[in-house]
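Q: pasted the sequence and its predicted model underneath.
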Amino acid sequence: MSLDNTFPSVHTRATSGLAPGGLGRGLFASTSTIHTGEDVLHVTSPFVAVLETDRLEDTCSGCFGKGLLRHCALLKGCSGCKVVKYCNTTCQKADWKFAHAQECSIFQSLRPRILPINARALLRIVVRCARQKYAAEELDLFSRLETHVREIRDQNPAQWERIVLTSKAVKTYSGTDLTEELISAFGARLELNSFNFTTAIYDRIGLYFHPYAALVNHDCDYNAIVGFDGEELFIKAIRPIQPGEQIFISYIDTTNPVKLRRKELHERYYFNCQCSKCKHDLSNPQNTPPTTQAQDLSAEEAAEQKAFAILDKIPESSLDLSAGVEVLQSTMQSLRQTYSLPITRQPLVSLRDGLIVVLQATQNTDFVFIQCAIRYLRVDPIVYKTDLHPIRQLHAYMLAKAAVEFQHGMKESLGLWSVELGEPMLIAWSIANRLVETEDQACTVPGFQRMVRWFLGAVNEHYKGVKKGPKKREDDIRREWERLELMVDMAIKDGY
Ligand SMILES: C[S@@+](CC[C@H](N)C(=O)[O-])C[C@H]1O[C@@H](n2cnc3c(N)ncnc32)[C@H](O)[C@@H]1O
């Protein structure tokens, strides 16, 4: 891969330029076609990355979970501030050098209060600026990114007030010479341009910002997709991108209905999306609910809105697991039975995702398995255009893992549906084997691929010493998939 920019932490096959249609600047594919699964952009180190407050306890602030995926590290807290935790001294030293040396005493002085995520990110930027840890080109690019300060002030005074208050606090704690106005502009830029920071398996852990990656514009019919592997950011082509073509990612969940997508884009990024998918969906009445005027709502729209509101609350309510299962199941049933909403439409898609997470936490292996199977066989092929999409790959991996668990607990499961699986481990093997075979074209990050390879190794180990391993049992595997297809159809008919 060529390096066509001046940042040592950025490897890219794109160049920046003015984007047509009033989108500001954007990134464009440079000289050759970028094939599906190839890196458009790879950032090895962030400008700033910080964890959500509730992830400081369970995620390493040095490697951001990369170590955990590799060796299940036990985290140890920083003995100074007791706010951040690390896998080992390598992670601790890296973070100390990045910014913790400057922030540790500030965190100590604030204990037991922990600064909110945006304040911690801004503080890091300010203290790194003071130590001249950013290259001039990085700061220049940062200062030229869109801020939408005027729109924030006019349209969302509460957001602006929060940014100003955060900036005041950061100025006081850091003792920086930078003006409050400048720090507020940094804050606005950060809010507008940072990424949802996730683990290699798309679990949200915080925010991530890099000024070069922030140049990529949005399209609901995106051609590239973002993923993280610890502190590394990857933007990979989800379909072939021709030289000169603009790179587009999605800033939001594009499986949502068009009105919700446009509302989110406007509220968070201050623009009206003009993409072809929005135009198509707006002209197709099936895709238009929900609206916001309560008095105009049909019962179906009201039910959908209620379901979206439940989805917003899932993270807070996840502690009460059995109540969570009940609420999610009854909401899904009501949408399906009363309003005949197809299982491939939102909010049913996200409700099922939420349900699987809660079922996993309750260790309900039978239902995790059947729900993962429904999602893999009947939902994802409609919702995502390609099986190389990282979310589809993740869901495939989750089904493979659920199949192993299902096989282990099979005695209790017999009789749940009249179709019985013979050897679900074969399903696990065939999924993992395919994921490994296609990993070069998939849009997953190396950490995910390592995990799947390890999993396949473990399944192969299960068959070690057996005369006829899964590789030679094509017919058995086919039959097992046929049984699973039947089982899924019955489960859907039963309202699952
Ligand atoms: C992360 S920045 C992308 C880089 C930005 N174009 C720039 O020049 O700084 C996000 C901002 O870019 C603009 N933008 C991105 N995608 C857009 C789109 N599809 N339509 C209109 N504006 C868009 C909006 O101003 C948005 O707030």
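A: Happy to help now that I have it.
Q: next secondary structure after the host helix or strand of residue 330?
A: Residue 330 belongs to helix 321-337 when assigned by DSSP states H and E. Per DSSP H and E, the first helix or strand lying C-terminal to helix 321-337 is helix 348-361.
Q: now the angle from that next one to helix 321-337?
A: Going by axes from the mean of the first three to the mean of the last three CA atoms, to 10 degrees, helix 348-361 is angled at 150 degrees with respect to helix 321-337.
Q: and the next element down the chain from helix 348-361?
A: helix 365-374.
Q: which strands and helices lie in contact with the helix or strand just after that following helix?
A: Next helix or strand after helix 365-374 toward the C-terminus (DSSP H and E): helix 380-383. In terms of contacts (3 or more CB pairs under 8 Å, 6 or more residues apart in numbering; DSSP states H and E), helix 380-383 is packed against helix 390-408. Glycine gets a C-beta too; all of them are placed from N, C-alpha and C.
Q: what does the helix it packs on contact?
A: Applying CB atoms under 8 Å, 6 or more residues apart in numbering, the contact partners of helix 390-408 are 201-202, 225, 227, 356, 365-366, 368-369, 372-373, 375-376, 380, 384, 386-387, 413, 421, 423-425, 427-429, 431-432, 434-435, 442-445, 448, 451-452, 455, 459.
Q: picking that back up, and the helix holding residue 330 with helix 365-374, angle?
A: 40 degrees.
Q: from the contact counts, what lies against helix 321-337?
A: Under the contact criterion of 3+ CB pairs under 8 Å, 6+ apart, helix 321-337 touches helix 299-317, helix 348-361.
Q: hmm, who's touching the shortest one?
A: Same thing as helix 348-361. Here helix 348-361 has contacts from 253, 255, 307, 310-311, 314, 318, 321, 324-325, 328-329, 331-332, 335-336, 341-343, 367-368, 371-372, 374-375, 379, 383, 398, using CB under 8 Å, 6+ apart.
Q: quick check: which element contains the closest residue to residue 183 other than its chain neighbours?
A: In this structure, residue 183 finds its nearest non-sequential neighbour in residue 167, 3.9 Å apart by CB to CB, 6 or more residues apart in numbering. Using DSSP H and E, residue 167 falls within helix 157-174.
Q: and that helix, which residues are buried?
A: 159-160, 162-164, 166-167, 169-171, 173-174 (16 or more other CB atoms under 10 Å).
Q: what does stretch 266-281 give?
A: For stretch 266-281, the neighbour count (16+ other CB under 10 Å) marks 269-271, 273, 275, 277-278, 281 as buried.
Q: secondary structure for those residues - can I get that in a markdown table?
A: Converted to a markdown table, these look like this (DSSP: H, G, I helix; E, B strand; the rest coil):
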| residue | secondary structure |
| --- | --- |
| 269 | helix |
| 270 | coil |
| 271 | coil |
| 273 | coil |
| 275 | coil |
| 277 | helix |
| 278 | helix |
| 281 | helix |
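Q: and the ligand, which of those reach it?
A: Filtering the buried residues of stretch 266-281 for neighbours of the ligand using CB under 6 Å from any ligand atom leaves 269-271, 273.
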